[in-house]
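*Asks:* Need coordinates for the below:
(chains A and B)
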Amino acid sequence: MKVELLLTKLVDEFSLVNQKLDSLIELNKKILKTQKEFLRRVDSDKSLVETALKLEPDPMTLLSLPMSLRTTVMALYKLEKATAEDIAKETKRLRAVESSAANQLVRLGYLKKTREGRDVYFYIDPPLEIRK
Amino acid sequence: MKAKAISIHSSRGGTGKTVIAVNLAAILANKGLNIALLDLDFRAPSLAKVFSKGIKFPVRCWLNDFLNGKCSAEHVLLDISKKYNLKGKLLIGLANPDIEAIRNIMEKSRAWEVTAVKKLFSLLSSLFNDKNIDYCIFDTSPGIQYSSINAVVSSDISVIITTLDSLDIEGTENMLSDLYDALAKRTFVLINKFSPETRLQSTENQGDIVNRVERALKHTVIGAIPCYCDVLQTERTSLLAVEKPSHPFIKNLEEVVGKIEHNI
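*Replies:* Okay, the predicted model is just below:
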């Protein structure tokens, strides 16, 4: 009798697990559908990703950046598009210091960089609404 | 001499920024130097009123339009040297006092502010390289807000005007540490409108006041200008440096000009 009761309880438990698995499968289907839709939209509008990864190095934001990075951004306000060497001439710091700061700002999303021949240029990306 | 951009700023309103900026520009222009004076106080523009006798309305291009990319640097500058019989050149750039223009500036995004500061640098480059301007003076908004930070970022030297009011001194102290030291800008403090009653002791003279404020703010104080009631009551459209060049207020400012030039 005791074994029978235990088996009945076990069947009930399995039934509950089954229900939860069914709802997880349904949820996963929804996630996959949303992901598919997101990838489709990203593919049609690359600017969505660009906007999500981009930060504005505006003068107020400057105040929250470390001094070493702040100096580089301030030089780029003036120079527009410049190599680490150009920035170093403006800030009177070492080229290696500027290269490191500019690359860090690129990784943080404040600057963009582009290669032209052997030179790497850093610049503040114009806002999308102003580019259009 | 290397061309320089000087911002005139204060922590609070009513310190006399505009009167000082306008007369500094006129004193330097009267010395035969070429000067540009830009109104970067977009929330409370005043240079359009100050120079209303010397300019033709409607203004073709405001500084707001230039920053919005609607007109070139060439069109935003008005030459008023002949109107005021100045020895050197005095070019002015005006902020639009229209309520719609003020509202428009207040709604700008952070992205727009990045473009604005870059445009300010390009305007300075055009003034110094193409128009042979010796000094460009920015009249700014009080406190820490975008238009004033943009001016401070793009200037070589900043002059902070303060009265001896304790709130003003405290505001200046905070601004010096939070903004100027953070941006590593060359900064001078100028005391304005001090009255004999503000002396701590009856024996305290102008030099003592300068030393006291210098110790409190830990920055160079380039002068202390007493309060002249007649200057406060003068029509805002009258250019004191031109109309009353021997006025003690102007004589005090000439000393300040000398110290700024010496420090440059």
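*Asks:* Which parts of the chain are helices?
*Replies:* You didn't pick a chain, so chain A it is. Secondary structure of chain A (DSSP state H): helices located at A:2-44, A:47-53, A:59-62, A:67-79, A:84-91, A:95-108, A:128-131.
*Asks:* My question was about chain B, not that one.
*Replies:* Using DSSP H, helices in chain B cover B:17-30, B:47-50, B:63-67, B:73-76, B:99-106, B:110-129, B:146-154, B:166-175, B:206-217, B:229-233, B:240-243, B:248-263.
*Asks:* Packing partners of the longest one?
*Replies:* Just to be clear, that refers to helix B:110-129. Where contact means 3 or more Cβ pairs under 8 Å, 6 or more residues apart in numbering or on different chains; DSSP states H and E, helix B:110-129 is packed against helix A:59-62, helix A:67-79, helix A:128-131, helix B:63-67, helix B:73-76, strand B:135-140, helix B:146-154. Placement of C-beta: from N, CA and C, glycine included.
*Asks:* could I get those as TSV with distance to B:H262, mean neighbour count and mean pLDDT?
*Replies:* Listed next are these as TSV, based on distance: least, Cβ to Cβ, whole Å; neighbours: other Cβ atoms under 10 Å in any protein chain shown; pLDDT from 0 to 100:
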stretch	distance to B:H262	mean neighbour count	mean pLDDT
helix A:59-62	29	20	90
helix A:67-79	26	21	94
helix A:128-131	42	11	50
helix B:63-67	30	23	96
helix B:73-76	30	17	91
strand B:135-140	14	26	97
helix B:146-154	22	24	93
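*Asks:* just so I know, which of those lies nearest B:I209?
*Replies:* Nearest of the helices and strands packed on helix B:110-129 to B:I209, taken as Cβ to Cβ: strand B:135-140 at 24.6 Å.
*Asks:* dump the residue contacts of the closest residue to B:I80 other than its chain neighbours.
*Replies:* In space, and not counting its chain neighbours, B:I80 is closest to B:G54: 4.3 Å by Cβ to Cβ, 6 or more residues apart in numbering or on different chains. Contact partners of B:G54, counting by Cβ atoms under 8 Å, 6 or more residues apart in numbering or on different chains, are B:80, B:83-84.
*Asks:* picking that back up, dump the helices of chain A to TSV, plus distance to chain B.
*Replies:* TSV is the format used below for the helices of chain A (distance: least, Cβ to the nearest Cβ, whole Å):
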stretch	distance to chain B
helix A:2-44	21
helix A:47-53	10
helix A:59-62	4
helix A:67-79	5
helix A:84-91	10
helix A:95-108	13
helix A:128-131	6
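*Asks:* Dump these to TSV, plus distance to B:V256.
*Replies:* Below are the helices of chain A laid out as TSV (distance: least, Cβ to Cβ, whole Å):
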stretch	distance to B:V256
helix A:2-44	58
helix A:47-53	47
helix A:59-62	27
helix A:67-79	27
helix A:84-91	29
helix A:95-108	36
helix A:128-131	39
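*Asks:* out of the ones you listed, which comes closest to B:S122?
*Replies:* With respect to B:S122, and counting by Cβ to Cβ, the nearest of the helices of chain A is helix A:67-79 at 8.8 Å.
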